[in-house]
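1. Okay, sequence plus prediction incoming.
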Amino acid sequence: MKNTNNVVSIQAPDKDLKSALTKLQEAQAILAPYLIALTAEERKTLPKMSDKTIPFVEKAIDYIESKPALKPAYIDVEEMRIDFQAAQKLTKVLRMAQQICSRLDDTIMLSGSEAYVAALSYYHAIKGASRVNVPDAKPVYEDLKKRFVTTSRRSDSTIDEKE
């Protein structure tokens, strides 16, 4: 398992990472009073406004404002407008945060993959060295192979990695 394509080679300075974390903590503190945490069950049961339903909500607000006689008494149009504007404004923040999260996730995945592939290459080299009795290779191989040993549920036998 060789990886000759080292796509990512990032050495972000600690001061830049610390600055980014500080700014994210600041953003979190700024937004905290306006954010709500829902349970998984609450998220499932709520009707959701999305790109397809935004025009519907906008039209409903327009109709309520242009034809107030048709508005049911139980609808608080000002609260409806506040909720709609909050969703629109916070969506802008969310989209930027999602872009950052997506790029972070991709970068972490690729750099982690490259490190893991290199570790697997080393493991296979050490395994081969151990087989031909290269000095000091066997204890390294024995230690690293623990990652690939699993216990079968049907018996107490162990299964080494499949190659």
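-> That came through, no problem. Since the structure is predicted, the reported quantities are computational estimates derived from the model, not experimental observations.

2. Beyond the one helix or strand Met109 maps to, next helix or strand please.
-> Using DSSP states H and E, Met109 maps to helix 77-131. Using DSSP H and E, the next helix or strand after helix 77-131 towards the C-terminus is helix 137-145.

3. Please report phi then psi for the residue lying farthest from the centre of the chain.
-> No residue in the chain sits farther from the centre than Ala69, which is 47.3 Å out by C-alpha atoms, centre = their mean. Backbone torsions for Ala69, taken as degrees, to the nearest 10, come to phi -70, psi -20.

4. Please work out the average pLDDT along stretch 130-142.
-> Here stretch 130-142 scores 96 as its mean pLDDT.

5. brain fart, stretch 19-27
-> Per-region confidence: stretch 19-27 scores 97 on mean pLDDT.

6. Dump it to PDB, restricted to CA.
-> Taking C-alpha atoms only, stretch 19-27 is exported to PDB below (Å, rounded to 0.1, in the frame of the first residue of the first chain):
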ATOM      1  CA  SER A  19      -5.900  33.100  16.700                       C
ATOM      2  CA  ALA A  20      -8.600  31.100  14.700                       C
ATOM      3  CA  LEU A  21      -9.700  29.400  17.900                       C
ATOM      4  CA  THR A  22      -9.900  32.700  19.700                       C
ATOM      5  CA  LYS A  23     -12.000  34.200  16.900                       C
ATOM      6  CA  LEU A  24     -14.300  31.200  16.900                       C
ATOM      7  CA  GLN A  25     -14.700  31.400  20.600                       C
ATOM      8  CA  GLU A  26     -15.600  35.100  20.200                       C
ATOM      9  CA  ALA A  27     -18.100  34.300  17.500                       C
END
